[in-house]
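Peer 1: Curious how this folds, go ahead:
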Amino acid sequence: MKKDSKLISEHLDKEQNRALTSLLNLIIPASEDGKMPGASDIVFIDYINNENLLSLIQEGLIRIIDESNNQYGLEFSALSGAEQLEIVNGLKRELFRFFTDLTTQVVQCYYQHDDIHKAIGLDARPPFPKGYDVEEGDILLLEPVFLRGKIYLD
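Peer 2: Purely as a prediction, here's the structure:
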């Protein structure tokens with residue numbers, strides 16, 4: 001679901017957007033051969049449709065930016081990859097929920113994107129109505145389930 005960019009601009013400023021882009025590149029970098037885009041190439045922020053998650057992301061980014069300024073006197077996005085990883089690793093316990101939720105959302109967004117489907121050899125389409133072929137199996141394998149009878153409440 002696409003989000004209104006107005007909601008996004010209300011939550012993330014330019015420095016936070018740059019920090020998020022850097023984090024996305026750490027989570028899923030682009031392949032060296034250019035065949036697989038990185039997570040920052042798929043407009044992750046448009047995927048977020050939950051204002052609570054957006055607020056959690058903003059809070060985590062603020063903490064990361066503060067730590068970057070305290071340790072290096074630089075914006076997070078201006079640091080080398082090794083320095084960015086050092087900050088992330090140092091904040092993993094403190095920002096556990098942030099990193100867990102962010103990583104989960106990034107992976108879900110990434111593998112739902114049409115460009116990624118094409119890059120890994122899948123059709124960029126929903127499974128239905130065209131559908132996929134399902135091999136016919138032996139229906140008798142379900143007999144024990146049928147013979148077990150009803151095990152749920154009405």
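Peer 1: Please point out which parts of stretch 38-50 sit buried.
Peer 2: 38-42, 44-45, 47-48 (16 or more other C-beta atoms under 10 Å). Placement of C-beta: from N, CA and C, glycine included.
Peer 1: what's the first-to-last distance across it?
Peer 2: One end of stretch 38-50 sits 23 Å from the other (C-alpha to C-alpha, to the nearest Å).
Peer 1: Taking the centroid of the chain, which residue is nearest it?
Peer 2: Val106 (0.7 Å; C-alpha atoms, centre = their mean).
Peer 1: Looking at the buried residues of stretch 38-50, spot the one nearest Arg93.
Peer 2: Using C-beta to C-beta, Ala39 comes nearest to Arg93 of these, at 23.0 Å.
Peer 1: who's in contact with the closest one?
Peer 2: 24-25, 27-29, 106, 109-110 (C-beta atoms under 8 Å, 6 or more residues apart in numbering).
Peer 1: Count the neighbours of Glu135 for me.
Peer 2: A count of neighbours around Glu135, defined by other C-beta atoms under 10 Å, yields 4.
Peer 1: scratch that, His11
Peer 2: Applying other C-beta under 10 Å, we find 16 residues neighbouring His11.
Peer 1: Among the contacts of Ala39, name the buried ones.
Peer 2: 24-25, 27-28, 106, 109-110.
Peer 1: For Ala124, which non-adjacent residue is closest in space?
Peer 2: Using C-beta to C-beta, 6 or more residues apart in numbering and skipping residues adjacent in sequence, the residue nearest Ala124 is Asp114, 3.7 Å away.
Peer 1: So the one you found versus Ile120, what's the distance?
Peer 2: Distance, Asp114 to Ile120, using C-beta to C-beta, to the nearest Å: 11 Å.
Peer 1: who does whichever strand or helix holds Ile87 touch, helix- and strand-wise?
Peer 2: Using DSSP states H and E, Ile87 sits in helix 81-91. Helix 81-91 is packed against helix 14-27, helix 51-72, with contacts defined by 3 or more C-beta pairs under 8 Å, 6 or more residues apart in numbering; DSSP states H and E.
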